[in-house]
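[1] what follows is a protein structure lacking sequence information:
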């Protein structure tokens, strides 16, 4: 119980998480503190964006067995050259902007005191899990306390979590009821007394735990025959829950200065009602050959746009109509999305299909309409997202599997959401499994309705989920549990 010892445990847990993402976030913070010219930051970001995009493209070509030997050779040569440029640039920073170099590459972990200060301001309690080879710890931090609790997981926690999510998505109710209670007893019950006074939790999962929607865990005994999903003891009733890859990353995002935005909302919904593009030959085995139309997705974004316009003053709509921009059908194209990111939007919302690969994180993408004249195939791949420059306060991916992907030790779930975080999105609303577009549309409308009325993002999402639970048609966690909020 020695405080210095507890802080050492926290230090090593944090040191192992999301280092690549953290460096990206600290770059922005360091620029603010060290007075670096915009031209220097732009050059650095462009250089790193090119390097990351090239690595991702190589990963994609190798995974797809494309046979493009010449292209692979060219990419390798370019990477060697760009990495030399990056090394020279970092030496330049060290000589000319030493304070920035120290901030950016010092690789420090936020202190417990720094994190407690922010948690107190946000009225949050944080629970960080650290999964070792033979042990599992929960590190609980509140505004005035630090607790480390050794947990007792079953022999195969990874398999249990996968079985739990399968039970929910496949509507295997008896398995869900059993595992929902079991996982609660493993992950939450031992720390109940430390978080009881809080109504909001920030969860920092480790490894495959990032695929677990904690809100769907069951905080009480249930009968295997209990099929009334409106009345189950979900953790959702007890806490508003958000997630973060690491507390140090969350702190870095919070310390960024408030952003001014040219546009309030960008919304995209291709719908695919009139025609569905043939993407398969563009992406090989990563894209399924058949996709359904998404009529409710268009209703979703139209409703969201209407909510935003209603809260705008008349003069705002008259003199700045681009405060809210809607892209439907074929205008919801890959090229329009890439160009629209230059509009510096506060909120970016995409309601469309997405796909992931459990083995190759770069074989993940968002499906939009192609624009052959611009050389765009209609698939916004993860490696392309890494090259974008976003300042959005929230990116919503109302699509299938946008929060899932491959698990990389020390980085977590490498997914579409990870790509958007690297590109600069401060918060993300994503799904961890395939979702029904009707229930998604209802949840998203209720989320934005509350957000516009002044609720914070965590409360707005949890209240929207509770609304679905109270609706008999959508009470099953299959409909509401996959949507999670990741961010600061």
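    That came through, no problem. In this text, all values refer to a predicted model and were calculated from it rather than measured experimentally.
[2] go through the helix or strand hosting residue 459 and flag the buried ones.
    Taking DSSP states H and E as the definition, residue 459 sits inside helix 457-470. Buried positions in helix 457-470, judged by neighbour count with 16 or more other CB atoms under 10 Å: 457, 458, 459, 460, 461, 462, 464, 465, 466, 467, 468, 469. All C-beta atoms are positioned from the backbone trio N, CA, C, and that covers glycine.
[3] and for stretch 428-441?
    Buried, per 16+ other CB under 10 Å, within stretch 428-441: 428, 429, 430, 431, 432, 433, 435, 437, 438, 439, 440, 441.
[4] widest-spaced pair of these?
    Pairwise distances across the buried residues of stretch 428-441 (CB to CB) peak at 22.3 Å, for the pair 428 and 438.
[5] so which residues of the stretch 351-488 of the chain form helices?
    For the stretch 351-488 of the chain, applying DSSP state H, counting those that start in this stretch gives helices covering 382-385, 416-423, 437-452, 457-470, 477-480.
[6] who wins for proximity to residue 298 among those helices?
    Closest approach to residue 298 among the helices of the stretch 351-488 of the chain is made by helix 437-452 (9.0 Å; CB to CB).
[7] packing partners of that closest one?
    helix 295-310, strand 345-351, strand 394-398, helix 457-470, helix 477-480 (3 or more CB pairs under 8 Å, 6 or more residues apart in numbering; DSSP states H and E).
[8] coming back round to it: average pLDDT across the helix holding residue 459?
    Across helix 457-470, pLDDT averages out at 96.
[9] for it, the distance to its chain's centre please.
    Computed by CA atoms, centre = their mean, to the nearest Å, the separation of helix 457-470 from the middle of its chain amounts to 18 Å.
[10] next one: stretch 52-70
    Mean-position distance between stretch 52-70 and its chain equals 25 Å (CA atoms, centre = their mean).
[11] do the same with stretch 478-488
    Between the centre of stretch 478-488 and the centre of its chain there are 9 Å (CA atoms, centre = their mean).
[12] now what about it, what contacts it?
    168-169, 171, 213, 215-216, 241-245, 250, 253-254, 394, 403, 417, 421, 425-433, 435-436, 439-440, 443, 457-458, 461, 465, 468-469, 474 (CB atoms under 8 Å, 6 or more residues apart in numbering).
[13] okay, the most centrally placed residue in the chain: pLDDT?
    Central residue of the chain (CA atoms, centre = their mean): residue 417, 3.8 Å from the mean position. Reported pLDDT at residue 417 in the predicted model: 78.
[14] which residues of the stretch 151-300 of the chain score low on pLDDT?
    Applying pLDDT under 70 to the stretch 151-300 of the chain picks out residues 252-259, 275-276, 278-290.
[15] show me where it has its helices.
    Going by DSSP H, counting those that start in this stretch, the stretch 151-300 of the chain shows helices at 157-169, 173-187, 192-195, 247-254, 280-283, 295-310.
[16] now do the stretch 1-150 of the chain
    Counting by DSSP H, counting those that start in this stretch, the helices of the stretch 1-150 of the chain are 3-15, 19-34, 38-63, 69-96, 98-105, 112-122.
[17] which strands or helices does the longest one pack on?
    Under the contact criterion of 3+ CB pairs under 8 Å, 6+ apart, the helices and strands touching helix 69-96 comprise helix 38-63, helix 98-105.
[18] of those, which shows the lowest average pLDDT?
    Of all the helices and strands packed on helix 69-96, helix 98-105 has the smallest average pLDDT, which comes to a mean of 56.
[19] now residue 416: how far from residue 223?
    Note on residue 416: its distance to residue 223, by CB to CB, to the nearest Å, is 38 Å.
[20] looking at those two, which is more packed in?
    Higher neighbour count among residue 416 and residue 223: residue 416, with 30 against 7, using other CB atoms under 10 Å.
[21] quick check: that one touching residue 385?
    Yes - Residue 416 sits in contact with residue 385 when judged by CB atoms under 8 Å, with a separation of 6.9 Å.
[22] how close does residue 301 get to residue 163?
    According to CB to CB, residue 301 stands 35 Å off from residue 163.
[23] between the two, who's got more neighbours?
    A side-by-side neighbour count of residue 301 and residue 163, using other CB under 10 Å, places residue 301 first with 26 against 15.
[24] can you name the residues that contact the more buried one?
    267, 268, 269, 326, 328, 349, 351.
[25] correct me if wrong: the first one contacts residue 331.
    No - no contact is recorded between residue 267 and residue 331 when judged using CB under 8 Å, the distance being 11.1 Å.
[26] those two: which is more packed in?
    Shown here are residue 267 and residue 331; by other CB under 10 Å, residue 267 has more neighbours (26 against 15).
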